[in-house]
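K.L.:
Here's a sequence, model it:
(2 chains)
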Amino acid sequence: MKISRDSILGLFFAVTGCVVLGIAVQYPFGTAGRMGPGFFPVIVSGLLVATGIGVLVRSVSGSVEVLSAINWKALIMVPAAIVVFGLAIEPLGFLPAVLLLLVLCAVTSVKFHIELKSAVGALAFTGLCTVLFIELIGLPIPVLGTWLHE
Amino acid sequence: MDIFNGLLLGFSTATTFSNFLYCFLGVLLGTTVGVLPGLGPVATISMLLPFTFGLPVDTALIMLAGIFYGSQYGGSTTAILMNLPGEASSVVTTLDGHAMAKQGKAGRALAAAAIGSFFAGTVGTLFIVVSAPLLASFALTFGPAEYFSLIVLGLITSMVLASGSMLTALGMALFGVMLGMIGTDVNSGAARFTFGTPNLLDGLNFVVVATGIFGLGDVLANLEDERSRPASVATVSSLFPTREDWKRIIAPVLRGTGIGVLLGVLPGAGVLLASFSAYALEKKVSRRPDEFGKGAIEGVAAPEAANNAAAQTCFIPMLTLGLPGTATMALMIGALVVQGVQPGPEILTQQPALFWGLVVSMWLGNLMLLFLNLPLVGLWAKLISVPYHYLFPMICVFVAIGVYSINNSVFDVYMMALFGVLGYFFRKVGAEPAPLILAMILGPMAEEYLRRALLISHGDASVFFTSPLSLGTLIVAALLLLSIISPRFRKVREEGLQEAD
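P.N.:
Modelled structure (predicted):
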C-alpha cells in the first residue's frame, strides 16, 4: 500500500492536537485579561488541529509524495540500544553500559562483521570514554554498578 | 561601559588560559563536526551542553560558540572536496567549490572560502561590538507587547525559511510550542500535560528533545542510505590564491559579508538564507554568470563569507533581547539559563565580562580557524573518509551519556530515544524540525509576554497595534506571510530551498 507523506503528518498533527485540546479544556481558561493555565494551550492545540486537517486536505487534493521505505532495523535497534543503556547504567555501571550501547549500535550497520580490530577498537573507545567522562569531566556515575559490586 | 573599555575587558577575559583553551577546543570540535557529513552543530552542541554545566558560564559559552562558527568553516571543506555539504549552510558551496576541485583548483577554492570566512567573521564581530550595546539600550524600553510581536516575527520567519511547505512548518512550530507547555505553569502553578509523572513537572528538557531529534534522528536517517555514501575525496594542491583570484574575490566577499551581517540579525533567518542570498546576488551581478556552477571562485567566496558573517551576528538578538533566532541560539540560551544567567538587554551591564569576552573570543576563534583550516586541510580530508559505520555508534554513546548526565535521570534517556524516533519520522514525512526546536524555546516566552501584555491592557488585544514598534514588527511578519502567497516569491523560495535538500 502506498501512503502519502502528507496524510501521515496531517494525521499526526490532528490527533496530537485533539489529545492536547482534550486535556487543555480541563484547565481553567480564564479571560483575556487574566489568562488561566488553559488559555494558551487551548488556542495552540486548536490551531494544531486546524493545521492537521489542512495537511490532510492537501494530501487528498494535492500532488502526492509517497512515503519511502523505512529502515525498520535501524529504527528499532538504535533506540532499543539507547533504552538498554538506560536500563544498564544504574545496575551495571558506566563501563558495561557504554560497551553494550556501542556494540548494539554497531550491529545495526549493514557493514557489521565480527573482527578483532573492531572489538579492540570498541574496548579502547569504552575505556577512553570512561577516562574522559568519569576521571576528567568528573561525572558522578559509578564505573561499575551496584550489581557488579560485592 | 564604552566600547574601548569593553574590548579591553573582553581581551582580558578571552585570553585567560582556560578560556583560550576552551575556545580552541570549541573551534577544533566545530571544524570536526563541520567536516563530518551527517553530524551538524545543533546535534553537537546539544550533545555537549550537559558537559559544560560544570564550567564557568563565560568559558562554556565561548566553547559552544566556537563549535557553531567553527562548523561553518569545516562545512566548506567537505563541500569543496567531496561535493557533500558537511553542514547545511555550505550547500551552495558545493556547486562551484566542487567544480573547482574537479579542475584541480581545490586548494584555491579552500583558500577563498577560508579567507572570505575570516574577513566576514572579523566584520561580523565588529558589527556586534558596535550594534549590540545600542540595541540593548534600545531594548530596555521594550514592553511585553513588543517582545510578543518579535517572537511572532521570529517564528514566522523560521517557518517561511523552512524547507517543505509552509503549512507543515506551521504544524511543526505549533507542536514545538506544545512541547514547551509541558510542566508547571509559572503563573498558576498548575501542572500541565505531565500525565501524572513527577519527571515532567519541570517541563520537558530542551536538550533532551534537541539531542533526540537532531543527534539520534540524524543517525537514523543517515543509516538509511548507508550503502550509497560517496567516498572519493579530491586532492588538494596549491593553497595560494593567484593574483587573479584575489581580484575576483574581493568584491564578492564584501557583498557576501554585508548580506550575512544583516540577515544574521533577522530573527529566525539564520545562516542558510545568508549563503543562498549571497550566491544569488553574485550570479546576478557577475559579468560571467554562465561560469557559475562550473567553478566560479566568486560562487565560493561570497556564500562562505555570508554564512560566517551571519554565524557571528545571529548572536545579537540572543544576547541583547534574549530571543533566539535559530535552533543553535536556542541551545545557547538553554546553556545560559542553566547557569543562572538570563539573556536579555541587562546582560551587557550585569555580565560585561561574559558579553565582551565572548565577542573577543569569537574574533580570536576566527583567527585560529584560518590556521586550523588552511595548513591542516590534509588532516581534515582524511577525517572525511572515516566510514559512517565507525562513527555512528560513537555518536550514540555521546548522546546517551550527555543526556543521562544532565540530571542522572534514566527517564531523560528514554525520552531522548523517543524523540530520536520522532525526528526520523519528521524527516520521512518531509517536515523540517528547526521550527519545532525554536518554537519550544519561544513558546513559553510567547505565552508569558502575551499574558503580561493582556494583563496590563485589561484584555484589550489592540495593545499590539498601538505600540509603533510592535505594529511595525507585526506588519513585517504579515508581509512575510503574504509574500509566500505571491507566486513569484514562492518560486524563488522553492528553488532556493530545493538546493538545500
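K.L.:
going forward, measure contacts and count neighbours with C-alpha atoms only.
P.N.:
Will do.
K.L.:
where does chain A have low pLDDT?
P.N.:
For chain A, residues meeting the criterion pLDDT under 70 lie at A:1-2, A:62-64, A:149-150.
K.L.:
do the stretch 151-300 of chain B as well
P.N.:
B:226-233, B:237, B:269-270.
K.L.:
what's the longest helix in the chain?
P.N.:
Looking at chain A here, since you left the chain open. In chain A, with assignment by DSSP state H, the single longest helix is helix A:39-61.
K.L.:
not quite, I wanted chain B
P.N.:
Secondary structure of chain B read by DSSP H shows that its longest helix is helix B:106-139.
K.L.:
Export the longest helix of chain A to CSV, keeping only CA atoms.
P.N.:
Extracted as CSV, the C-alpha positions of helix A:39-61 are listed here (Å, rounded to 0.1, in the frame of the first residue of the first chain):
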residue,chain,number,x,y,z
PHE,A,39,-5.9,29.8,27.7
PHE,A,40,-2.8,29.5,25.6
PRO,A,41,-2.9,25.6,25.3
VAL,A,42,-6.5,25.7,24.0
ILE,A,43,-5.6,28.2,21.3
VAL,A,44,-2.4,26.5,20.3
SER,A,45,-3.9,23.0,20.2
GLY,A,46,-6.9,24.3,18.3
LEU,A,47,-4.6,25.8,15.7
LEU,A,48,-2.7,22.5,15.5
VAL,A,49,-5.9,20.5,14.9
ALA,A,50,-6.8,23.0,12.1
THR,A,51,-3.3,22.7,10.6
GLY,A,52,-3.5,18.9,10.7
ILE,A,53,-6.8,19.0,8.9
GLY,A,54,-5.3,21.4,6.4
VAL,A,55,-2.4,19.0,5.7
LEU,A,56,-4.9,16.1,5.4
VAL,A,57,-7.0,18.0,2.9
ARG,A,58,-3.8,18.8,0.9
SER,A,59,-2.9,15.1,0.9
VAL,A,60,-6.3,14.2,-0.7
SER,A,61,-6.3,17.0,-3.2
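K.L.:
Which strands and helices lie in contact with that helix?
P.N.:
helix A:5-24, helix B:166-181 (3 or more CA pairs under 8 Å, 6 or more residues apart in numbering or on different chains; DSSP states H and E).
K.L.:
coming back round to it: following the longest helix of chain B in sequence, what is the next regular element?
P.N.:
helix B:144-161 (DSSP states H and E).
K.L.:
how about residue A:67, what does it touch?
P.N.:
Residue A:67 is in contact with A:2-5, B:428-429, counting by CA atoms under 8 Å, 6 or more residues apart in numbering or on different chains.
K.L.:
do that again at 10 Å, thanks
P.N.:
A:2-8, B:428-430 (CA atoms under 10 Å, 6 or more residues apart in numbering or on different chains).
K.L.:
for these, which one is nearest residue B:321?
P.N.:
residue B:430 (31.9 Å; CA to CA).
K.L.:
For the closest one, grab the count of nearby residues.
P.N.:
Number of residues near residue B:430 (other CA atoms under 10 Å in any protein chain shown) recorded here: 19.
K.L.:
Isn't it up against residue A:6?
P.N.:
Yes. Residue B:430 lies in contact with residue A:6 (CA atoms under 10 Å); the separation is 8.5 Å.
K.L.:
tell me, what's touching the two both at once?
P.N.:
What both residue B:430 and residue A:6 touch, as defined by CA under 10 Å, 6+ apart, is the set A:65, A:67, B:168.
K.L.:
SS state for the closest residue to the last one other than its chain neighbours?
P.N.:
By that I understand residue B:168. Using CA to CA, 6 or more residues apart in numbering or on different chains and skipping residues adjacent in sequence, the residue nearest residue B:168 is residue B:431, 6.2 Å away. Three-state call for residue B:431 (DSSP: H, G, I helix; E, B strand; the rest coil): coil.
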